[in-house]
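S.K.: Turn this into a model:
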Amino acid sequence: MLVQKLRLQRGWSQQQLAQLCGLSVRTIQRIERGQPASMETLKALASVFEIEFSAISNEDNMATATAPELEEQHAFLQVRKLKGFYIHLTQYCLMIPLLCIINLLTNPSTLWFIWPALGWGIGLLVHAAAAFEVTPFLGAQWEKRQVEKRLGRPL
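M.R.: Model prediction:
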């Protein structure tokens, strides 16, 4: 999360950061998703951001994360979920009218585009419910109860 935060503070895209570090864009994406990075990669990032290596190498240590850092990580994850939903919604809004036009130009007597619109629409609604955390089941409270249960703590 620190890499993403530092990148956004400087207004760089993932591609720009990758070029500055001599890394691939996929590597930057993996690091920003929280996957581990090699020491050489972390050194390159620390050099580009002009910070101490120890500051960037301790980023993955969740045991030392403070409450504000955990809240920030949660906020980044929530924003990623919302971004994914909005991309999904944009794809739907572009593709369904295109399918409708193709349908009407090729076979106007049969409106087959309705079936992909309905199926994809249902998937989009499920994605929205997950992104906006409006599901009455399997939400944050359910997760908390399950964690407490597995840890043997009273509910």
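S.K.: Quick one: the strands in this protein, in order.
M.R.: Assigned by DSSP state E, the chain shows no strands.
S.K.: Per-residue pLDDT of the residue minimising distance to the centre of it, please?
M.R.: Central residue of the chain (Cα atoms, centre = their mean): R80, 3.2 Å from the mean position. pLDDT, R80: 87.
S.K.: The protein - how does it break down into domains?
M.R.: 2-59, 67-151 (automatic domain parsing).
S.K.: Show the average pLDDT along the shortest one.
M.R.: Averaging pLDDT along domain 2-59 yields 88.
S.K.: Can you give me the buried ones in the longest helix seen in the chain?
M.R.: Secondary structure of the chain per DSSP state H: the longest helix is helix 67-106. Neighbour-count burial for helix 67-106, with 16 or more other Cβ atoms under 10 Å as criterion, is recorded at 73, 76, 85, 88, 92, 96, 99-100, 103. For glycine as for every other residue, the C-beta is placed from the backbone atoms N, C-alpha and C.
S.K.: Tell me which of the domains of the chain sits most buried.
M.R.: Mean neighbour count (mean count of other Cβ atoms under 10 Å) peaks for domain 2-59 among the domains of the chain, with a mean of 16.
S.K.: farthest residue from the center of the chain?
M.R.: Max distance from the centre of the chain (Cα atoms, centre = their mean): S109, 41.5 Å.
S.K.: ok, that residue to L8 distance?
M.R.: For S109, the distance to L8 equals 52 Å [Cβ to Cβ, to the nearest Å].
S.K.: Could you do H127 as well?
M.R.: H127 is 24 Å from L8, by Cβ to Cβ.
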